[in-house]
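Chemist: sequence first, predicted coordinates after that:
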Amino acid sequence: MIQRIRVWARGMAFRARSDGGMTTSEYAVGTIAACAFAAVLYKVVTSQPVMSALQSLLKDALDAKF
């Protein structure tokens, strides 16, 4: 049992020291994906149905009686 714990502890220590970060190509792909998502989100938010819904929501909020 103690041997299994030692092996597990060595494995965990190795994983903690290993390089687990992203490489440059992964950063590039992540940046491109984020830009694509931002472009799609911009198109959705600036579409006419969403704009009219947001305007209606703001108008109702500003006209609220307290």
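Modeler: Everything's here; your move.

Chemist: where does the protein dip in pLDDT?
Modeler: Applying pLDDT under 70 to the chain picks out residues 15-22.

Chemist: isn't residue 50 right up against residue 43?
Modeler: No - using Cβ atoms under 8 Å as the test, residue 50 is too far from residue 43 to be in contact (9.7 Å). Using the backbone N, CA and C atoms, a C-beta is placed for each residue, glycine as well.

Chemist: run the chain-centre distance for the helix or strand hosting residue 27.
Modeler: Element membership of residue 27 [criterion: DSSP states H and E] is helix 24-45. Computed by Cα atoms, centre = their mean, to the nearest Å, the separation of helix 24-45 from the middle of its chain amounts to 10 Å.

Chemist: after it, next one along is what?
Modeler: Per DSSP H and E, the first helix or strand lying C-terminal to helix 24-45 is helix 48-62.

Chemist: for that following helix, name the packing helices and strands.
Modeler: helix 24-45 (3 or more Cβ pairs under 8 Å, 6 or more residues apart in numbering; DSSP states H and E).

Chemist: so who does residue 50 touch?
Modeler: With contacts defined as Cβ atoms under 8 Å, 6 or more residues apart in numbering, residue 50 is in contact with residue 44.

Chemist: how far away is it from residue 41?
Modeler: Residue 50 is 10 Å from residue 41, where distance means Cβ to Cβ, to the nearest Å.
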